[in-house]
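Student: Next input, structure requested:
(5 chains)
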Amino acid sequence: MAVADTHFGEDLKKFGAFDFNACYNCGTCTAVCSLSDEQNSFPREMVRFSVLGLRDDISASVKPWLCYYCGQCSTHCPQDAKPAELMMSLRRYLTSVYDCSGLGRKLYTSKVWEFGSISLLALVILVLFIFLHGPMTTELTEQGGVKLNTFAPWKQVEIGDWIMAGMLSFFLLSNIFNMYLKIVRKNEGLKIPLKLYVTEFYHLVLHFATQKQLSKCDTLGTRKKFTFSSYWIIHWFLMSSYVVMFIMIVFFLGWFQTDNIYHWTHPQRLLGYYATAGLLTGVVWFFVARFRKRDEKSKHSHITDWTFLVLLFLTTVTGILVQIFRINGMPYPTYYTYVIHLMVLFPMLMIEVPFSKWSHLAYRPFAIYFDRVVQAAKKIK
Amino acid sequence: MNRKLGVYICHCGGNISDYVDVEKVKAAVEHEEGVFLARTTMFACSDATQKEMVEDIRSNQLDGIVVASCSPKLHLTTFRAVSERAGLNKYNYVHANIREQVSWAHSDNKPGATEKAIHLVRSAIAKVRLAQSLEPITIPSRKAVAIIGAGISGMRAAIELADMGCPVTLIEREHFVGGRVAQWDLLFTTDQTGKELVTRLYDDIAKRSNIRLLTGAEVTANSGNIGDFTLKVKITPRYILEKCDQGNLQKAIDACPVEVPDEFNFKITTRKAIYHNFPSEHPQYPVIDIKNCTRCGECEKICGSVDFTQEETTVEIKVGSVLMATGFDPYTPSEGEFGYLQFDNVVTLPQFKRIIDLCEGKLTFKGKDIHNIAYIYCVGSRQVEAGANAPVSQATENREEASRDISGENRYCSRYCCTSVIHSAIETKKRFKGITNYHFTRGIRTYGKQELLYSESLSMGDIYLQSYEDDPPSIIRENGKTTVKINDIMTGRKEISVNADLVVLVTGMVPRSDNSVGSLFKLPRGRDKFFNEIHMKLRPVETVIDGITICGACQGPKNITESVCSALSAATKSFSYVSKGELELEPIIARVDATLCTWCGKCMEACPFDAVKKVSEAGKEIAVINNSVCKGCGMCLPVCPVNAIDLVAYSDQEMETMINALAEDIK
Amino acid sequence: MEEKQGQTYKLLREKREVPESVKENLKKFTRTKKSILEALKEEEMTVRQLSQKLGLPSHELLFYLMTLVKYGSVQTGIIDDMDEYYTYKIKA
Amino acid sequence: MAENFIRDSFDALVIGGGIAGGEAALNLANNGFKVILVEKDLSIGGKMIHLSKVFPTLDCSACITTPKVSEISRHPSITILTGSEVKKIVKRGENDFEAMVIKHPRYVREEDCTGCQLCEQACPVVVKDQYQYDMVGRKAAYIPFSIASPRVAAIDIENCTLCGACEKACPTKCIDFTQEATEYQLSLRTVIIATGFNLFDPLKIERFGYGKMKNVITSMQMERLLAPTRPFNTVLRPGDGKMPCRLAYVLCAGSRDITVGNPICSQICCMYSIKQAQLLMGALPMADVTIYYINIRSFGKGFEEFYDQAKGMGVNFVKGKIGMISEKENGDLILRYEDINASVVKEANHDMVILSVGLVSNPDNAAFFDRGELRLDPFNFVCQTDLLASPARTSIDGVFVAGTASGPMDIPDSILSAGAASSEAMSYIIRK
Amino acid sequence: MAGISAKSARILVFSTEKISDPAIDMAGLLKLHYPPTVYTISVPCSSCIKPVWILHAFEKGFDGVFIAADGSDCTYGESCTDKTGRLVSMTHEKMKEKKLDPARLRMAAICSVCSEAFVKQIKSFNQYLLQITQS
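Tutor: Below you'll find the predicted structure:
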């Protein structure tokens, strides 16, 4: 038996939801949603759970992760209850639920915490550089580039990277484990053979790599199973760029942050260009969309949406500038921009990866994976 | 004897001709005795066919017509009018019902239907052959209307009739006017209160010299008929002089030692034996409730306006038409229905409306603060007829449960309750702090523009739950806490529970429990026990009793606007009965054959309308019929031992030839 | 006026241009009517069969066919075994 | 032209000859007032005369409208102008209105036409018949419909090729192409607005496919398919003439929907859909009828019982609004909806879909008076300025509103509202 | 009594204009079927039916006569039920005198919405009449 709790709605509004109380349960949203199917019908059920404040049902649900915010539900909602925005805020809410530290919740619901922690993390980087940076040599390499590794030797930075990656993994993995507990373990009495975790694993990989679900967002009602919309392409471009960049700076920093200036066809530069282009295009595209507010999905922006875009934009721009200054042999601009670059990058990753947008990249395929496992287990039963 | 007849057989656009071979019917009757012409027609009721009939009658000098079409309930008057326009007396037209009673009833048997149609048309021809020209009976109609019930409908109709120049007597059983509306505070879709509305109408009534308002007045007898009703009205005195001193009266009220439950507040409060409902109640002076008064004389000592010498009086009112606006009763749940009278925090919607009206600043009931309110909808409405199980009642030491036996006799939807309760919930939320509303519904019915209120309440965060038809919500009382449980349709049948400080049973409208006025006027009631109109679509305010109109919630659940609409409609109808000063009545009445009558008095006993009188004529005592009172029911016919009474148009000869025509085999 | 009675359309012709679309519409109806009647002369057909034969969308064909039924040149025949489609034939 | 200008005076002007306008006019005329009834269409009777049967009594609508209509049309105190429009009304003082009315030429002299339909047979032009909601054709010279009042021919000049065939065929020589518009200047004491409603245009909701998918029709079209004077003589789907066997009703098509600017409930769609479902089960004994709803609003006298009756007959009721409709090759339709009871999205196959379209306001109301004088509500219905005590009153003293011109309502409510309007109009005139 | 009456008995129904006739109309409206050899003559009130009319019907060959009485709904007063009952028993007496089976005259109150009740009554009456005419 569940007890109705109207306070939940007020709580959820802090995560960005609004007007969802207006829902009169006609089900139009679910019916126009191209991702909704017989196994997983949403968003109306999630709206209903939110109205009634059924916290347990919400945290056990994978449905918010299945939604990619095409906005059809909000466009056609006869009560203008903004179900899509509710789903978005449920994703924010869920990230805070999975997070045991309580930080995620603070970051979403308090601007002081959001900007405070960004500033603090930036300050940490700044302080580290003030005390630990190498000589700021004006001497250039043979190719005429700046000796960045003298100022910030990649080995030292990589140590920082590993520490950061460790923290990120800790947060993210514990959150995912939490998610696992809520989604899978919640099904009391359901026996899940270990084998299923293996057999269903490919869904995790597939959905992570392709973001296939997003391609099903069918805003024109064409009823095609896959539409390679510009939205999906841009999103995938951005996402893959991010992953490439992340891997390069965390795992191959020595190769990536080099004082060499390779020929432009060198893989290091090509990958760099790809990632930079992807990040820049994506960020600009989403910026423009959020400013124009033409599509349903970009009409409503939570403060964290802007923070994410701004941080990512600044990271990308400063990254590009570092490269330009370095190649053109401008030592001081290179050094300063590099510090700024890390001052933005670090908070961006620390906040976005475990608690915000970037975490969705992990949560979504995991949600599908967990759901598959549970469904498969139920079938066996 | 009519000998030149026209017969029209209607296809009714296939309604008839799909099952009845109308051409065959035509062929079978066109050579009947006296039939001059027989035609079939697509729509007998259409203007063109009507014109054609007029033309036929005129040019062929027809002296009788038969129309075989749909039920005479629909088109009797139409074709009577056709006859009249053609200069043929309307009683020389006879109707044969070959749709409702032939083509539709026997659509499974086409030859049978055709044969039956032939029989019915022949029987109609037999009747019209004997039909006589009859002239309507003209009787005077008194230009005055009595309105029973001074609620919103009655008051509004009174003003309208008065403005049309018709004197009105407005009869109210209570000592104050305004009916149910006076009990409501803010009214939905406007920002007026019930009291303001009643005050406004009362002032309007007071301004009009041709309205006579009687309060504390009850109709005890009715005689007469359309155009000339005589009502006997018993008036209970107020025991207070009309020109009274309000200041002293208040002191007198304070001094009264009697406390009785206050009906105005649906018994959630008490009042004194000398009382008024609220400061600006109309008429604006109190009344002594003589039934509960102990005659202690305390009030009399304080206030000189108290006058125990006043006596009950009876007045006689003569009017041409009566307009019924007797209103409704709120449904009273039975004991234990959703915990009513079983748990102390369960109230009905009308009681709840009084509670919010009486509370200031903070919502409390019986001394407890109210924050969470559960509204249970459709209590006493939309019940299925019997069958379901009785409420599960597991009364353990400190846990009690109450639900509802969903069987009941009120199958109808009470129409106003959804909107009314949603409006009350919104108002409660606006007026008091920290209120959460939980609505336990069976599907919200805020029709029309009222939908906006539903949207508003949703946006304000009210929670709506909907139960399955066979699974009503239940109320559990455990350790002094009340919980309402429901299997919610909209949450995929999850069981949802709500902790409630107050449970409001959204009770619907039921007909007045006291139907004495209705039976006095012999008003028929429908399946739902509300007064029945003649025709729901076309004559929604008229009744089968000539001269009596109905309006407002006595006819069925209505909100204020709808009640007033029907009141104004009824005013127009009542006005049309009396505006001309005279009326034409149907000439189908009983007649006595003076040569046969030997006066035994049996017909006089049989007549329910006192229409039979004994007179001496030519040295012989015989019965005569009062034409304007006789309704033509014919109850006097079979009792006559010498068969001296006939009903016009139903004479033995007419009946017998009709039977002959029906019995005759078709060649 | 008297002598013009029965000829007043000519008077209006002087004042009023008949739009091309109206003429086109008339031509299309006359053409369709002719082809439907010709097709039905051979055999009774359902709307689907007729529309395939005449190459007209079935909803348009139904419209014209029903108009011809209304004005009495075509009549409804029998319904197929599946109780789905009626056939239509030339009115005797 | 002098012959095209007529000055006259009446006690009351009733705008709209539907059931509400007709009832109001009759009430006034029966109490001795002189009434002029102005109807934009070619026949009086409004929408009701086109309906099949009426809920919850299942009376044949034409059968109960026609006597009323003929009573109106032959009442000596009522003057009817069909095919006419009220252009402007000015209030000059209490009990003193002036109205300008244009009667459009019919190109047929009404008094001479016998309704023989020879012109209709002669006319070569076929266009969509608006009285059958475009499902079948009619001629350019035509009698509007079989129970029209007046039942006389008219020439649809927009679609006429001026071939003269009708004129040659007419036995009474009543066709007259020289007719021109007539202007009426009327002095009046009171005005009743009974302009009725418009049906919601389902083209506004693209995902329902109306217009594109031929087997998606409106409830008014179904009303015609079921009426005694129906276009196909039986119920066929307009896409290919198949006898449908799985029919679906989409409730709240254009009502209770902010996205199309109509958040209010249309009040009658639930009931007429239930009624049509019952009629369909009678007309097509093998058919399954499903009604997709949000809430069933069977609130009036006898409505709930009627709803129960439909359930008893086997009409399928599914809680959940249709989200979108798509078409299969064979013209069948796939309806996607969420079954609320199960909280699961489902798809259902139907071979015909009826959109239960709602009521919206008649835009004519805004034009009668000078701007702003006649107040309208947010949905452009005529505003009832004293909703509780005088529901027929408008923002102009002496101008009253009857029927659906003030908001959605069913037939009995329209009749009552007309009663209220005529009553207030009468007391307004008598009171002075 | 040949032809279609082989399957159904000829029954004369006296209905009343305001109460039972609408119910019989509604039976048609609801397509509730009953034998087509059931003929209705409507009168203002069921208590106005003269026994001579009923006897005349039997004389002319009707198998049965059914009085669809107003019952308590009668618009002319509550005494209607009593009075109709009295005239029926009066007729029963006269039928016995004429050696007619009194069960061939039946009466039941049919309210204005009692269509189903009417059809049920008529069907059982028809059954009964067929039984006695065949035996």
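
Student: Secondary structure element for residue D:69, which one?
Tutor: Residue D:69 belongs to helix D:61-73 when elements are defined using DSSP states H and E.

Student: What strands flank the following helix or strand past that helix, and is each parallel or antiparallel?
Tutor: Sequence order places strand D:78-81 as the next helix or strand after helix D:61-73, per DSSP H and E. Take DSSP bridges as the rule and strand D:78-81 pairs in its sheet with strand D:35-38 (parallel).

Student: What's the first helix or strand after the strand it pairs with?
Tutor: Following strand D:35-38 toward the C-terminus (DSSP H and E): strand D:53-54.

Student: Please tell me how far the closest residue to residue B:187 other than its chain neighbours sits from residue B:170.
Tutor: Leaving aside its sequence neighbours, residue B:187 sits nearest to residue B:194 (Cβ to Cβ, 6 or more residues apart in numbering or on different chains; 5.9 Å). (C-beta placed from N, C-alpha, C; glycine too.) The gap separating residue B:194 from residue B:170 is 18 Å, by Cβ to Cβ, to the nearest Å.

Student: Quick check on these two: which one has the bigger neighbour count.
Tutor: residue B:170 (27 against 22; other Cβ atoms under 10 Å in any protein chain shown).

Student: That one touches residue B:213, doesn't it?
Tutor: Yes: the pair residue B:170 / residue B:213 is scored as a contact, 4.8 Å apart, by Cβ atoms under 8 Å.

Student: list residues touching both of the two?
Tutor: Common neighbours of residue B:170 and residue B:213, counting by Cβ atoms under 8 Å, 6 or more residues apart in numbering or on different chains, are B:150, B:177, B:205.

Student: From chain D, how far off is the first one?
Tutor: Separation of residue B:150 from chain D (Cβ to the nearest Cβ, to the nearest Å): 14 Å.

Student: Would you check that that residue makes contact with residue B:182?
Tutor: No: counting by Cβ under 8 Å, residue B:150 stays clear of residue B:182, with 10.0 Å between them.

Student: can you count the residues close to residue D:236?
Tutor: Residue D:236: 24 neighbours (other Cβ under 10 Å).

Student: quick one: which helix or strand includes it?
Tutor: For residue D:236, there is no host helix or strand (DSSP H and E).

Student: Can you give me the pLDDT of it?
Tutor: We note a pLDDT of 94 for residue D:236 in this prediction.

Student: can you check residue B:397 too?
Tutor: At residue B:397, pLDDT is 55.

Student: before we move on, what about residue B:161?
Tutor: 96.

Student: and what of the one 4 residues further on?
Tutor: If you check residue B:165, the pLDDT there is 93.

Student: of residue B:150 and residue B:182, who's got more company?
Tutor: Remark: of residue B:150 and residue B:182, residue B:150 carries more neighbours, 30 against 24, as counted by other Cβ under 10 Å.

Student: If you count contacts, what does the helix holding residue D:69 end up packed against?
Tutor: helix B:47-60, helix B:72-85, helix D:19-30, strand D:53-54, strand D:78-81 (3 or more Cβ pairs under 8 Å, 6 or more residues apart in numbering or on different chains; DSSP states H and E).

Student: and the helix or strand following the last one, which residues are buried?
Tutor: Think strand D:78-81. The helix or strand immediately downstream of strand D:78-81 is strand D:84-93, counting by DSSP H and E. Using 16 or more other Cβ atoms under 10 Å in any protein chain shown as the test for burial, strand D:84-93 gives D:84, D:85, D:86, D:89, D:91.

Student: ok, those vs chain E, which is closest?
Tutor: Taking Cβ to the nearest Cβ as the measure, residue D:84 is the one of those closest to chain E, at 37.3 Å.

Student: need the residues of chain D near chain A, please.
Tutor: Within chain D, the positions lying close to chain A (Cβ under 8 Å from any Cβ of the partner chain) are D:206-207, D:252, D:256-259, D:263, D:294, D:320-324, D:326, D:336-340, D:343-346.

Student: Return the subset of those lying in helices.
Tutor: Assigned to helices by DSSP state H, none of those qualify.

Student: before we move on, the earlier item: what is the distance between the helix holding residue D:69 and the centre of its chain?
Tutor: Averaging C-alpha positions (Cα atoms, centre = their mean, to the nearest Å) puts helix D:61-73 15 Å from its chain's average.

Student: which outside residues touch the least confident helix or strand in chain A by mean pLDDT?
Tutor: Within chain A, confidence by mean pLDDT, DSSP states H and E is lowest for helix A:212-215 among all helices and strands, at a mean of 84. Contact with helix A:212-215 is made by A:35, A:66, A:68, A:206-207, A:226-229, A:231-232, A:235-236, A:364, A:368, as judged by Cβ under 8 Å, 6+ apart.

Student: quick one: low-confidence ranges for the chain?
Tutor: Answering for chain A, as no chain was given. Along chain A, segments meeting pLDDT under 70 span A:1, A:220-227, A:381.

Student: You answered for a different chain; I wanted chain D.
Tutor: D:1-3, D:63, D:432.

Student: per-domain residue ranges of it.
Tutor: Here the domain parsing of chain D from automatic domain parsing is D:4-104+D:180-196+D:362-430, D:118-169, D:200-359.

Student: Just the terminal-to-terminal distance for the last one.
Tutor: Its start and end residues considered, domain D:200-359 measures 6 Å (Cα to Cα, to the nearest Å).

Student: what does the shortest one give?
Tutor: Across domain D:118-169, the terminal residues are separated by 6 Å (Cα to Cα).

Student: Let me have the domains of chain D in a markdown table, extended by distance to residue A:192.
Tutor: As requested, the domains of chain D are exported to a markdown table (distance: least, Cβ to Cβ, whole Å):
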| stretch | distance to residue A:192 |
| --- | --- |
| domain D:4-104+D:180-196+D:362-430 | 54 |
| domain D:118-169 | 58 |
| domain D:200-359 | 23 |
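
Student: Could you pull out the helices in chain D for me?
Tutor: D:19-30, D:61-73, D:118-122, D:165-169, D:219-226, D:269-283, D:303-313, D:411-431.

Student: oh sorry, the question was meant for chain C
Tutor: Using DSSP H, helices in chain C cover C:8-15, C:20-42, C:47-54, C:58-70.

Student: and the last one, what does it pack onto?
Tutor: Right, helix C:58-70. Of the remaining helices and strands, those touching helix C:58-70 by 3+ Cβ pairs under 8 Å, 6+ apart are helix C:20-42, helix C:47-54, strand C:74-79, strand D:126-128, strand D:137-139.

Student: Go through these and pick out the most buried.
Tutor: Mean neighbour count, computed with mean count of other Cβ atoms under 10 Å in any protein chain shown, is highest for strand D:137-139 among these, reaching a mean of 25.

Student: Adjacent strands (with direction) for that one?
Tutor: Applying DSSP bridges, one finds strand D:137-139 paired with strand D:126-128 (antiparallel).

Student: ok so, going back, right, so of the domains of chain D, which gets closest to residue A:304?
Tutor: With Cβ to Cβ, the closest approach to residue A:304 among those belongs to domain D:200-359: 28.1 Å.
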